[in-house]
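Colleague: following is a predicted model, sequence given first.
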Amino acid sequence: MAKLGKRARKFAKKNLQSILRKKRKFKAKLKHKAASVGHKGNVEKADVLSSEEQSSGKSGVTTIDAAASYNSLDNIYIEDDVNLVDVESDGEGILSEDPECPYISDIETENKGQDNGERAALSESNKNIHLEIVEQKGKLDMLLEKVPKFSKYLESRRAELQKSEIEEIDSDEDGDTNYSNGVSSNEGMRLHDRRAINSHTIDVWCWLVVEQPEGPALPNLLHTFQAACRYGFDSDESHLHEILDEKVFSKVLMFILCEADGIFRKWLGVSDSCRKDNFLKFMNTSEWKLVRPLMKSYLRSCLLLLNQVTDGHILVFILSRLRSSIVFFAAFPSLTELLIKISVHLWVTGEESLSLSSFLVVREIASMLLSDWYDTCMMKTYKAFIAHSKFFEHGNLKKVEFLMNSIVELYSLDLQRSYQHVFASLQHLANILSQTIKAKKKEELKKIHNWQYINCVNLWVKFIDCNLKDHDLQPLLSLSILIIKGIAHLFPSLRYLPLRFRCVQMLNQLSLSSGVFIPVASLVLDFLEHKGCTADATRVKAFDFSTVLKVPKHLLKSRNFQEECILSAIKLLSAHFSQWRYHISFPELATIPLVLFKRFHEKLSNEKLRRQVKRFIDQVEQNKEYIERKRAEISFSPNDHAAIDSFLQMEKSGSNCSFNQYHASVQQKSHSRSTLR
């Protein structure tokens, strides 16, 4: 009977091993299949991109041209994102303990001492339980040999026991826990190898690091900093140091964040104004071999802390400290890419101060590590802006405006490299517009009539406006004007007046920065012929043209819509006329708008609006008569372009013109109305 029991146990063991082998093979097949499917998808994407690159025939803009084939702004850049787990798997950030560093273990709180005693007692108890189990198992084997009936009973229940054992082993494998002597290896690490760090130990280490940066205290202190940064990130991760309380936690974080940059610079002899090229020279020194693992541990822990912290003020402080250490990231490309990813995310999602601090980090990377990371910064910021500009409300006007200004500043750092990105993006927008004009379907029109598309166009208008005076951007200027005019003419309906007015605003901005005449009056005056606009209708809830692109039908005959149309038209035309108020052809420019506004004034019943329209007419007529009087005094011919350009040149430099003052008052009133909403 004893032999039968042994055979049964051997048979069960063999079956269990075969089941486990089959399970491992099945998991391996699943992983191989998933990898092959992912590789196939990447190959298909690569084929699409390569075909687009061949059709475009241009370098530097292939990703945007490829995205244009999808006719969508969301796929404008196709790229792989860095994962924090991939960076954490790198073994170079593991620091070894220095036995020469003093460790004060006798100064601890009473409660923590009790906790450590309880843990030791728990470990001893586990060992005793394991010995009892071994003893009981020996007695059970002796019982099987002496009592045949009990052996038969166990054999009848062996199938259920095997099933439960398999489930236990599966759960152990999933948890990745190895048991030895009744205590798991992770638990053994926690109970025996970890050292509780108290406040006094941190004070001693900090003093030693300040006195001797290359001494044994810095690795231990950075290891504690790493444990503090990982707190709550991975509960299964074992560290040699255990943070006892909040005081120790804050001391470690504050000291390392405030002093680490200076310590590394002092150790290597790096100045605060050191650039990337000079820093790379220090990487050939003997000190670099000692500093590199410590520096990488510090930088990686800071990035992990950025992912952990949610408080905006703490995030701003961490980013400010990392900004001072940007030059160190030149030695760690994977950490640099991760820092860009985190900073861009905080830039588009954070509050005002956090967003500003995040952008300063991105700009510092782009300017200091220009040759390696400038393109990455441009692509990631533009892609993030596209993803977060789908909605445009009065509450986030300042946020979107800040994002636009940030991208303009970033792209203006090096126009030779950013020019291709801007031109490719405008080409992408033009291709979408061209396909929409050809199709003229409702679904296609939605690709143009949305804030995502309009904000992208407005972004490059700001970029051209900022850099046109100092650089030759005529191709960008011409392409952007064509796109804006195409948008305005694509939506002639009165419901799309807010969209058309925004197009006129962008054209005025380009005309002012370039000095090129762009006719916009026809895009503004169409609404004057609409009968519904002059009706004396009821007043509804106020709305702002700057936050809508399309007006609901039930608001077309409301008094609010009527007022907003008239005031917006006056604002845009006054800006247009203000630019050309001293031009010799101003009388011809103002003739048709004056005729239409006079007709409209006669039909208008709202007395408040009548006064504002009448004032606009009077100011335009007054400036027109002034230019006509000055033209009567000239003696040169219309073919003398130099004389025409110098016409009233002295008056242009002054700001006392009545029409200029009128335009300033109109802008001020418009700003006041928008702030009151």
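Modeller: Ah, there it is. Numbers count the residues shown, from 1 in each chain.
Colleague: what segments of the stretch 201-350 of the chain are strands?
Modeller: Taking DSSP state E, counting those that start in this stretch, the strands of the stretch 201-350 of the chain run over residues 241-243.
Colleague: so where's it shaky on pLDDT?
Modeller: Applying pLDDT under 70 to the stretch 201-350 of the chain picks out residues 231-245.
Colleague: flag every buried residue along stretch 429-437.
Modeller: Using 16 or more other Cβ atoms under 10 Å as the test for burial, stretch 429-437 gives 429-433, 436. (Glycine included, C-beta is placed from N, CA and C.)
Colleague: in helices, which of the residues you listed appear?
Modeller: Mapping those onto helices (DSSP state H) picks out 429-433, 436.
Colleague: which of those lies closest to residue 646?
Modeller: Set against residue 646, the nearest of those by Cβ to Cβ is residue 430 (36.9 Å).
Colleague: give the burial count for the residue nearest to residue 321 when sequence neighbours are not counted, as a bare number.
Modeller: Nearest non-adjacent residue to residue 321, counting by Cβ to Cβ, 6 or more residues apart in numbering: residue 257, 4.8 Å away. Look at residue 257: counted by other Cβ atoms under 10 Å, it has 20 neighbours.
Colleague: hang on, the earlier thing: and the ones in helices among the buried residues of stretch 429-437 as JSON lines, adding distance to residue 667?
Modeller: Output for these, formatted as JSON lines (distance: Cβ to Cβ, whole Å):
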{"residue": "429", "distance to residue 667": "28"}
{"residue": "430", "distance to residue 667": "31"}
{"residue": "431", "distance to residue 667": "35"}
{"residue": "432", "distance to residue 667": "33"}
{"residue": "433", "distance to residue 667": "30"}
{"residue": "436", "distance to residue 667": "33"}
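Colleague: got CSV for these, with pLDDT and distance to residue 604 too?
Modeller: Listed next are those as CSV, based on pLDDT from 0 to 100; distance: Cβ to Cβ, whole Å:
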residue, pLDDT, distance to residue 604
429, 95, 38
430, 95, 39
431, 95, 43
432, 94, 39
433, 94, 36
436, 91, 36
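Colleague: returning to that earlier point: list the residues that contact the residue nearest to residue 321.
Modeller: Counting by Cβ atoms under 8 Å, 6 or more residues apart in numbering, residue 257 makes contact with 302, 317-318, 321.
Colleague: can we see that at 10 Å?
Modeller: Neighbouring residues of residue 257 by Cβ atoms under 10 Å, 6 or more residues apart in numbering: 225, 298, 301-302, 305, 314, 317-318, 320-322.
Colleague: tell me the spacing between it and residue 342.
Modeller: 16 Å (Cβ to Cβ, to the nearest Å).
Colleague: equivalent analysis for residue 386, please.
Modeller: Separation of residue 386 from residue 342 (Cβ to Cβ): 19 Å.
Colleague: for residue 206, same thing?
Modeller: 27 Å.
Colleague: likewise residue 351?
Modeller: From residue 351 across to residue 342, the span is 16 Å (Cβ to Cβ).
Colleague: who has more neighbours out of those two?
Modeller: Applying other Cβ under 10 Å to residue 351 and residue 342 shows that residue 342 carries more neighbours, namely 21 against 12.
Colleague: the more buried one is in contact with residue 306, isn't it?
Modeller: Yes - between residue 342 and residue 306 there is a contact at 5.2 Å, judged by Cβ atoms under 10 Å.
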